[in-house]
Structures are given as C-alpha cells and as structure tokens.
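# quick one, fold the following:
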Amino acid sequence: MKKLLSLILAAVMMFGCVSVLSSCDSDDGVFKVGFIFLHDETSTYDKNFIDAALEATEKLGLDESQVIFKKEIPEGAACYDEAVDLVDQGCDVIFADSFGHEEWMIKAAKEFPDVEFCHATGVKAHTEKLPNYHNAFASIYEGRYLAGIAAGMKLNEMITSGDITAEEAVMGYVGAFPYAEVISGYSSFYLGAKSVCPSVTMLVDFTGSWYSPEGEANTANALIDKGAVLISQHADSMGAPGVCETRNVPNVFYNGTTISTCPNTYLIASRINWAPFFEYMITSTQNETDMPYDWFGSLNTDSVKVVDMNTAVAAEGTKEAIDTAMAELKAGTRHVFDTNNFTVGGEKVTTYLADVDDAGDYVGETEVIENGVFYESKHRSAPYFDLPIDGITRLDK
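Prediction:
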C-alpha cells in the first residue's frame, strides 16, 4: 500500500495530476478571482472590462497569482469548461462579460455552490434565485444620453454654420443586434441629442455581430450615404470611427476613445466603469457577505462615465450642457425616459409591460412606467427598454 501511494505521489509531482484523481484542485486557501472575456483587448468592449479588472484587483492588493484571465471565450459550452477550470484552479469568485455566457455560468453555479458566479448583462439571476449567481449592469443609458447632448450640440453648430439645415440633422447609429440593451442605448442617445436639437432624427442599422470591423465600417458608410451627418455605435471595433475620420463625419464612440487615431472627428465617448462592481464583488466574496441577485451601478456610484471630450471637435458650451444634465440626473430631477419627451406612433406612452422575467416567451409581464417615467433597470439590472420611439428609423424593418 505504501509503495502504491509513493508511486501516485511521484506521478503527481512529475505530471501535476493523474487519471486516478478527479481533478487537479489547486485551492491552497489563497483567495483567487477568475475572469472570462468574450474577446481580448482588440475589442473595445472587452478592453473596458479588462482595464477595470486590473484597476480593481490592483487597488485591492491582489497579486498576479490571485487573478486569472480567460480571453477569447465564445458564447457557448466553452464558457462552462473555462469556468470549471477556474474552479479547479481555486477561484472563489468568477465573472463572465458577455450575454451568451449566461446559460453556462448558471450551469456552473449550480454545480459549484461554494463558488460565487457573477455575470454582466445577464437577465436570469432574479428568476433563477441561486444564492451564488448574480447579474450586474449600470445605467449606461444615462451615459449615452449625456453623449447624445454632445451630439445634439454639434448638430446645432452645423446648422448655425450653414453646413446642414435643421431637417438634415440626421444621426446614424451602428448597432450589433436588435436586443433591448442596444435599443435602450440608441434610444437614450437620441433623446439626449433631441433635448438640445429638437429637429434631430436618427437612422439605425445592425451588423449581426458584437465585433466586426468590416461590418461596422460598411454599416457606417451606408448610413452616411443615406444622409447621416454624425455617427455613433453599439459595436466593439474601430470600423465605424475609421470611416468617420476618412469621410470627415463627427463620431461618438463607446467604451474608449479614438482621439489619437481620429483627431478630426472623434467627439466624445461613454462607458460603464466596471471597477466599482469588481471591488464590490471581490470584497463581498472575501467577507462572505451576501450579494443581491442584481447589482446596479449609476452615475452616483461612479459606474458610468462620459470621457475624453475632444475640444477641437465639440461645439462651444458642450461641457456646460453635459454638466447641467449630469447634475440633474444624479439628483433625480431629470429622467432619461421621461414619457413627456417621446412618443410612440404619435401617442404618449402611459403604461407598458416589459419583458423583465425572461422566460423565452418574449411577453411583457412587468409594469415599468411610474409617474410618467419609464424606469429602466429598476426591476433587473440589464436593460429592458425596447419601445420604438418616434424620430428613430430602423433600417432592418
């Protein structure tokens, strides 16, 4: 017996693990956190998460051995496999950043109840009610609204200078998919622009991919050809900004800045700052403190940023207009989705059942309008605003 144990120990020391062991569990009692990313730093979406993870873990004093990154993990069973590998490496909490990771994160959470699993943009934590599975998001619709104010101020400048007429104040928007998250984003961007430029309209088209440099460039070109004089996006590459710089069309970016590569057209950007959530996620796990099913950040938690306004492109008075609106949003005296500020089919919306409990039936079950305001992200963290508001034309319809 002793000889057999000696042989097994020798094999473990030589090869790391052997087939008679169920897994090579490296949990040595040291706290570890694992991150699963859809792409790598070439995707502005993933880079925003990666930068925040590095910022938060450094601030909390975690060393490299305690932080494990998994990059280029597709939205499928590979996410589950990587989550299991992170568990085997001793991770106490695991985070995934893409919508299609959710099913597989839930599967892992059910299998490993002693590990915390957190997921961005997901919709099922509040209905699954697993004590170790949590969704997280932030009020990026407020950030997009503020960026929209910068766009509207630029349009006003173009109208005043005679470059366009009021009727030609047409924005283009490059979307990835017609999901509620994207609809909420482009609608809030439009409403921000409309708050300062009443004649603005917007064209929207979709690429069918979160990251497609060629598809995003082609879509931006098509929108400009159809009359768009300013472009924004909810897609993750440099495709659209590159087109804007070539064609001298102002661009509002997302999740980063292109001021160095597109100095003549980059206007401003908005992004979710994930560092506050990562700090919360890590410290809650370390302290064994319960986390809610849905965590929601805002301007007041520093979870939403409007960044790097390009003063060489922005219209005069843009910063002041944004600062005023931001203060009102923080105070709750201004609401992005105030139903007095938009119509659907020419009519004011007074009631709406949103599909908050995602049961796969695409049927709304939750009243989300209270006192004349559509309350986005109140009933779960991920967006559910999907109203087709007037002034926005979807070219896929």
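# where along the stretch 151-300 of the chain do the strands fall?
170-175, 201-206, 230-234, 251-254, 266-272, 294-297 (DSSP state E, counting those that start in this stretch).
# what's the most buried one of these?
The highest mean neighbour count among these belongs to strand 230-234 (a mean of 29), with neighbours defined as mean count of other Cβ atoms under 10 Å. Every C-beta, even on glycine, is put in place using the N, C-alpha and C of the backbone.
# between that one and strand 201-206, how many degrees?
Angle, strand 230-234 to strand 201-206, by axes from the mean of the first three to the mean of the last three Cα atoms, to 10 degrees: 40 degrees.
# can you list the domains in this protein?
The chain breaks down into these structural domains: 27-139+275-286+291-296, 140-271+304-334+384-394 (assignment by automatic domain parsing).
# between the two ends of the last one, how far is it?
Separation of the first and last residues of domain 140-271+304-334+384-394 by Cα to Cα, to the nearest Å is 21 Å.
# still on that earlier bit, which one of the domains of the chain has the most crowded surroundings?
domain 140-271+304-334+384-394 (a mean of 21).
# quick check: mean pLDDT across stretch 124-143?
Taken as a whole, stretch 124-143 has an average pLDDT of 97.
# which stretches of the stretch 1-150 of the chain form helices?
In order along the chain, the stretch 1-150 of the chain carries the following helices (DSSP state H, counting those that start in this stretch): 2-15, 44-59, 77-88, 102-111, 125-128, 140-160.
# residue 320 is nearest to which of these?
Distance to residue 320, taken as Cβ to Cβ, is lowest for helix 140-160 among the helices of the stretch 1-150 of the chain, at 9.7 Å.
# which secondary structure elements does the closest one contact?
Helices and strands in packing contact with helix 140-160 are listed as helix 180-194, strand 230-234, strand 251-254, strand 266-272, strand 304-307, helix 318-331; criterion 3 or more Cβ pairs under 8 Å, 6 or more residues apart in numbering; DSSP states H and E.
# please list the residues outside the fifth one that contact it.
Strand 304-307 is touched from outside by 138-140, 142-143, 146-147, 150, 257, 268-273, 297-298, 322, 326, with contacts defined as Cβ atoms under 8 Å, 6 or more residues apart in numbering.
# ok, the fourth one next?
Here strand 266-272 makes contact (Cβ under 8 Å, 6+ apart) with 48, 137-138, 140, 143-144, 146-147, 150-151, 154, 230, 241, 244-245, 250-259, 297, 303-310, 313-314, 318.
# cool, and the second one?
Under the contact criterion Cβ under 8 Å, 6+ apart, strand 230-234 has outside partners 147-148, 151, 154-155, 171-176, 181-182, 185-186, 189, 216, 220, 223-224, 240, 243-244, 249-254, 267.
# the residue nearest to residue 166 when sequence neighbours are not counted and residue 147: what is the separation?
Excluding the flanking residues, the one nearest residue 166 by Cβ to Cβ, 6 or more residues apart in numbering is residue 199, at 4.0 Å. Separation of residue 199 from residue 147 (Cβ to Cβ, to the nearest Å): 19 Å.
# contacting residues for the closest residue to residue 394 other than its chain neighbours?
Residue nearest to residue 394 in three dimensions, not counting chain neighbours: residue 204, with 5.0 Å by Cβ to Cβ, 6+ apart. Listed by Cβ under 8 Å, 6+ apart, the contact set of residue 204 reads 172-173, 175, 186, 392-396.
# would you turn the residues you listed into TSV with distance to residue 86 and pLDDT?
Shown next, in TSV, are those (distance: Cβ to Cβ, whole Å; pLDDT from 0 to 100):
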residue	distance to residue 86	pLDDT
172	40	98
173	36	98
175	32	97
186	34	98
392	41	98
393	44	98
394	39	98
395	41	97
396	37	94
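# quick revisit: could you dump the strands of the stretch 151-300 of the chain to a markdown table with distance to residue 32?
Rendered in a markdown table, the data for the strands of the stretch 151-300 of the chain read as follows (distance: least, Cβ to Cβ, whole Å):
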| stretch | distance to residue 32 |
| --- | --- |
| strand 170-175 | 37 |
| strand 201-206 | 38 |
| strand 230-234 | 33 |
| strand 251-254 | 31 |
| strand 266-272 | 24 |
| strand 294-297 | 21 |
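# residue 299 and residue 326 touch, don't they?
Yes: with contacts defined as Cβ atoms under 8 Å, residue 299 counts as touching residue 326 at a distance of 6.5 Å.
# out of the domains of the chain, which comes closest to residue 360?
By Cβ to Cβ (comparing all of the domains of the chain), the closest turns out to be domain 27-139+275-286+291-296, at 10.3 Å.
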